[in-house]
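Q: The following comprises the amino acid sequence and a computationally predicted model.
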Amino acid sequence: MTFGAWSLGVVVAGLAALAAVLFALQQLRTRYRDVTVVTTLFWKQVSHEAPVRTLRERFRHPLAYLLILAITALVWLALGEPRWRDDSGSESVVIIVDGSAGMGRRDRLSTALTQAREVADTVPAGRRSVVWAGATVRPLLATGEDALLLEARASGRTAEAAPPTVAHAIHTAANMAVTSDRLRIIVVGDAPVGAEVVDALPEHVTVTRASSVEAPDPNAGITALGAADALSGAWDRVDVFMAVERPQGAPAAAVTITLDGRPIAAEAVTRTAWPDGRGESVRVRDVQAAGGLFEARLSGDALAVDDYAAVRLPNKPLLKVQVSPSLAAVLVPVLAADNGVEIVDASPDVAVRRAGEQVGGGAPALEFVEVEQQASAFLLTHPATVEAGDALMAAVERIGLRQIDATSLANQVGRSIEVTVAAGDAWRFSVWAPLVTDDFNFTRSRAFPVFVANAIRWLAQVEAWAPYVAAGRTLRASEGTVPPVVLSASGRALDGGGLALVPAVAGDLARQGAQPLAVSLLAPSVTRGGAADVLPVENVRSGAASAPLVWWLVLAALLLLSAEWYFYQRGRMP
Amino acid sequence: MTAGPIPFERLFDPAFLSALSHLSLSVSRVAAGGRFGERLSKELGSGLEFRDYRGYSPGDDPRAIDWNIYRRLGKVFLRLYEEQQDLPLYLMPDVSASMFHEPEPRAIGGLRCALALATISLSHHDTIALFPFAKTMQVTVRSLSGKASTMTCAEHLSRLAPAAPEDGTSLSAAIRRLADMNLRRGLLVIISDFFDPQGLDAVRDALRAVRHRVLFVQLTRPSDASPDLDGDVRLRDCETGEVTELTVTPDVRERYREAYARFSADLAAIAKYYRGGLLQVDVERDLITQLNAFFAEGKLTA
């Protein structure tokens, strides 16, 4: 027999303490019977010789003591939640409840929680824990806690709009287990577990499933949604791509596409069915990149959470550039060819000038400096509020300084080509002027327009944007941009510490100083369901087998209590 | 506890009264030549029974001179005759609350015993008096004589009511009151359980002032000597209300028996000291049988 609430030592110590306390009380207690007598003359003499009120009396009524000790011992044992000893020895059990989006089908989650409770009842509390594998993996019932808490904590829970995290939960549990003890992981729910997960586990860890994975209902869902620079080349537009999966042979689902709530023109949408009949690709061309919310909806089916997806489009206005007349001959043709740039005569976003000229005022500037005036070939000037290292890294990546043939330039100039960084009052990129003269072939190289375009965009501090945002997947920036630190609405860095942000659950992700990110589920495994699962199904013993022991103990205690009452009422017990 | 007097029918049922007449005859036959209340006077007087001669002394009654002896011997002798006097019987039954406490009150045995002794005394032409007591003594009947007075005595006895519990018992005070009455010498019969809170020492002291012979009738029952108590008990005195808590164990019971034996021994010692008698009556046994046995031993014929 084992005890769920306490260890055997605690139970034995408690019994010993109870026996000692009852023994002391047995010696101390005095239960008087009132008797009226003709005289107390002689009794008074006796009581003077042997007074009754002493702290300790001779131990009396051993049978009464044994009876009350038996009653209290039975109650004490019942409190210890005794169970018949099983053959699991020192095996620990972790029950993982799948709370991912796939469990939103019908009553799958409530069924799983009920099953988890039943499994938990079969294992002593000191050796089992229950883990919730939803958007994140977190404990639901810690080791040693009463199973009743599981019912309270599971009450009202719903499946979370996130891809399965059961595999992650299995790895976490396996890594936290003590090597010397056996660990049995029981998965409750439908999330499939692949062979690669099981194969990576240590030998002392076994994984089983409490019940078979239920065959999913026919379901269609959006499994991919993202934006990219428009193939048309328009700087201020993007193309949006979407994948819609459906059961083989099912008719194509109706897709409703809107931008900031307004329907997209049908002619901009191209739908291409997949050859295998399991879905289609949807392409929306030249969508205005003005920071709008692109949404796609399918008609409802068995699983609603994958019938909606959204992505926040980038904000890409044309960059206003003012060019100094002294450089117009060289740079205006290059800038005119850049469809993201608009050449203006005043109020520019970026100025292009020679050092000392007043073109563009205080706007960020691409300056060309004589060699004698600047020791290094490239000088990056950044506002004092920006870290020099961050500014240099961003500039090197976004301007593409790595791609410049510095050796060739150095040979032609006869000086080493260096990049330096300095703090100033505004963004400025200072380049040796000879680089744009005919003495060098840099202006005639294919890299020159890219260099200028990148420099202009870096100086304009074009905002990085995410081409797609999916739950459970790392947030990535668009090509050529460096994602800034994402701050939550309260100002906390969500991707701080050098780790990339991984949105846990679908929905809006509020950001400080920016529009919310639209996080979509985009989980093919959830939409398809019934993926290959390698876990064996374990027929977990019903908890009903362990419950009667407690009740038998309580019943026995009540019977003994009744017997004591019976004997006491008849004066056969003190 | 009995609230009022014990009904006459319960106290003196016909069977008891019938047995009482037989007891009177039996006692007369057994104590031949005397009755328990009768005794020879120390005074030699003018009785009918010749006892002895003695020489004449100046001042003697000349009518007692035996002139025949003078004529034959020439000396003056007086004829002495016995003078028989009756012996008053002073009955002091205990009517304290303890006498009426139990389901079968020991007062029944006490009052029956009083009537038995009174009957015997009256049948021998002695006078009786009735002085019940509890906290103090009362005079119920000062003098009663003649065989026909038996029923009168019984009626007086049946009208005796128990004293209030708070009155308690004070035998010593009752004895002192009796002594103060300066009654003619007689036989004082104290009928009681003798559970006086003041103890037997007070009784002994009070008896010093009494010039009567004393007969102690101790009313007992088996549970007095060996109470049927066990375990933790809270004992309440029916008269004083005093509470004693104790755990009755075999050892405690043995100590109790020793204390009760000392009490009985002390009572016997007092009776012996005053050359009196001690009659222990078990109220749960037949009274007549016990009295017959008692008289058969001649303890009351001295």
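A: Sure, I can see it. Numbers count the residues shown, from 1 in each chain, chains lettered A, B, ... in the order given.
Q: For the rest of this, base every contact and every neighbour count on C-alpha atoms.
A: Noted.
Q: Tell me how chain A divides into domains.
A: Domain segmentation of chain A under automatic domain parsing yields A:2-80, A:92-216+A:529-545, A:221-316+A:488-526, A:319-459.
Q: and those as CSV, adding mean pLDDT, mean neighbour count and distance to chain B?
A: Formatted as CSV, the domains of chain A follow (pLDDT from 0 to 100; neighbours: other Cα atoms under 10 Å in any protein chain shown; distance: least, Cα to the nearest Cα, whole Å):
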stretch, mean pLDDT, mean neighbour count, distance to chain B
domain A:2-80, 78, 16, 4
domain A:92-216+A:529-545, 82, 19, 45
domain A:221-316+A:488-526, 85, 18, 74
domain A:319-459, 83, 17, 91
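Q: Tell me how chain B divides into domains.
A: B:8-32+B:86-296, B:41-83.
Q: I'd like to know which of those domains lies nearest to chain A.
A: domain B:8-32+B:86-296 (4.4 Å; Cα to the nearest Cα).
Q: picking that back up, closest to A:Val469 out of the domains of chain A?
A: With Cα to Cα as the measure, domain A:221-316+A:488-526 is the member of the domains of chain A nearest A:Val469 (5.1 Å).
Q: a strand runs through A:Glu367, doesn't it?
A: Yes: when DSSP: H, G, I helix; E, B strand; the rest coil is applied, A:Glu367 is found to be in a strand.
Q: What's the separation between it and A:Ser347?
A: Counting by Cα to Cα, to the nearest Å, the gap from A:Glu367 to A:Ser347 is 17 Å.
Q: returning to that earlier point: lowest average confidence across the domains of chain B, which one?
A: Least confidently modelled of the domains of chain B is domain B:41-83, at a mean of 75 by mean pLDDT.
Q: Distance from the chain centre to that one, please.
A: 37 Å (Cα atoms, centre = their mean, to the nearest Å).
Q: Tell me the residues of chain B that contact chain A?
A: For chain B, the contact set with chain A under Cα under 8 Å from any Cα of the partner chain comprises B:98-99, B:101-102, B:195, B:197, B:231-239, B:242-247, B:252, B:255-256, B:259-260.
Q: what about 7 Å?
A: Neighbours of chain A within chain B, by Cα under 7 Å from any Cα of the partner chain: B:98, B:101, B:195, B:197, B:232-238, B:244-247, B:252, B:255-256, B:259-260.
Q: which ones among those are found in helices?
A: B:252, B:255-256, B:259-260 (DSSP state H).
Q: Of these - the most surrounded one?
A: When neighbours are counted by other Cα atoms under 10 Å in any protein chain shown, B:Tyr256 leads these with 24 neighbours.
Q: give the contact list for that residue.
A: Listed by Cα atoms under 7 Å, 6 or more residues apart in numbering or on different chains, the contact partners of B:Tyr256 are A:42-43, A:46.
Q: One more: A:Ser430?
A: Per Cα under 7 Å, 6+ apart, neighbours of A:Ser430: A:366-369, A:378-380.
Q: please redo it, this time with the cut-off set to 8 Å
A: Neighbouring residues of A:Ser430 by Cα atoms under 8 Å, 6 or more residues apart in numbering or on different chains: A:366-369, A:377-381.
Q: Who is it paired with across the strands?
A: Going by DSSP bridges, A:Ser430 is paired in beta bridges with A:Glu367, A:Leu379.
Q: what does A:Gly507 give?
A: For A:Gly507, the beta-bridge partners are A:Val519 (DSSP bridges).
Q: Surely it is in contact with A:Ala470?
A: No: using Cα atoms under 8 Å, A:Gly507 is not in contact with A:Ala470, being 9.6 Å away.
Q: so what's in contact with those two at the same time?
A: A:519-520.
Q: Nearest to B:Glu9 among the domains of chain A would be which one?
A: Closest to B:Glu9 of these is domain A:2-80 (Cα to Cα; 24.9 Å).
Q: Going along the chain, name the helices of chain A.
A: A:8-28, A:41-49, A:62-79, A:108-121, A:147-154, A:166-176, A:195-199, A:325-336, A:388-395, A:406-413, A:447-459, A:524-528, A:547-569.
Q: could I get those helices as a markdown table with distance to B:Ala225?
A: Converted to a markdown table, the helices of chain A look like this (distance: least, Cα to Cα, whole Å):
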| stretch | distance to B:Ala225 |
| --- | --- |
| helix A:8-28 | 29 |
| helix A:41-49 | 10 |
| helix A:62-79 | 30 |
| helix A:108-121 | 67 |
| helix A:147-154 | 65 |
| helix A:166-176 | 81 |
| helix A:195-199 | 90 |
| helix A:325-336 | 133 |
| helix A:388-395 | 111 |
| helix A:406-413 | 130 |
| helix A:447-459 | 120 |
| helix A:524-528 | 96 |
| helix A:547-569 | 29 |
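Q: before we move on, back to that, most packed of the domains of chain B?
A: domain B:8-32+B:86-296 (a mean of 19; mean count of other Cα atoms under 10 Å in any protein chain shown).
Q: thinking again about what came up before, mind putting the contacts of A:Ser430 into TSV with distance to A:Thr36?
A: Formatted as TSV, those follow (distance: Cα to Cα, whole Å):
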residue	distance to A:Thr36
A:Leu366	118
A:Glu367	121
A:Phe368	124
A:Val369	124
A:Ala377	121
A:Phe378	118
A:Leu379	115
A:Leu380	112
A:Thr381	111
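Q: Just send the domains of chain B back as CSV, with distance to A:His204 too.
A: Output for these, formatted as CSV (distance: least, Cα to Cα, whole Å):
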stretch, distance to A:His204
domain B:8-32+B:86-296, 64
domain B:41-83, 122
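Q: mind listing the strands for the stretch 1-150 of chain B?
A: For the stretch 1-150 of chain B, applying DSSP state E, counting those that start in this stretch gives strands covering B:39-55, B:77-85, B:89-93, B:127-130, B:141-145.
Q: what residues are up against B:Tyr70?
A: B:76-77.
Q: show me where the stretch 101-250 of chain B has helices.
A: Assigned helices in the stretch 101-250 of chain B, in chain order: B:106-123, B:150-158, B:171-180, B:200-207, B:222-225, B:250-273 (criterion: DSSP state H, counting those that start in this stretch).
Q: can you list those helices in TSV and add distance to A:Leu183?
A: Formatted as TSV, the helices of the stretch 101-250 of chain B follow (distance: least, Cα to Cα, whole Å):
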stretch	distance to A:Leu183
helix B:106-123	85
helix B:150-158	96
helix B:171-180	91
helix B:200-207	88
helix B:222-225	76
helix B:250-273	65
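Q: which one of those helices lies closest to A:Arg182?
A: Closest approach to A:Arg182 among those (Cα to Cα): helix B:250-273, 63.7 Å.
Q: What is the burial count for B:Gly4?
A: 12.
Q: Wait, it touches B:Ala164, no?
A: No: here B:Gly4 does not reach B:Ala164: they are 10.1 Å apart, not a contact under Cα under 8 Å.
Q: Name all residues that make contact with residue 206.
A: I went with chain A, as the question did not name one. A:183-185.
Q: ah, I was thinking of chain B
A: B:Ala206 touches B:172-173, B:175-176, counting by Cα under 8 Å, 6+ apart.
Q: swap in B:Ser172?
A: With Cα under 8 Å, 6+ apart, B:Ser172 has these contacts: B:202-207.
Q: out of those, which one sits closest to B:Leu117?
A: Minimum distance to B:Leu117 across the contacts of B:Ser172 is 21.2 Å, recorded for B:Leu207 (Cα to Cα).
Q: Next, the residue nearest to A:Ala477 when sequence neighbours are not counted: phi, psi?
A: Of all residues not flanking A:Ala477 in the chain, A:Ala466 sits nearest, at 4.6 Å (Cα to Cα, 6 or more residues apart in numbering or on different chains). Main-chain dihedrals, A:Ala466, degrees, to the nearest 10: phi -100, psi 120.
Q: Was I right to think A:Ala466 contacts A:Arg476?
A: Yes: counting by Cα under 8 Å, A:Arg476 is a contact partner of A:Ala466 at 5.7 Å.
Q: rewinding a little: and of the helices of the stretch 101-250 of chain B, who's closest to B:Ala134?
A: B:Ala134 lies closest to helix B:171-180 among the helices of the stretch 101-250 of chain B, at 7.0 Å (Cα to Cα).
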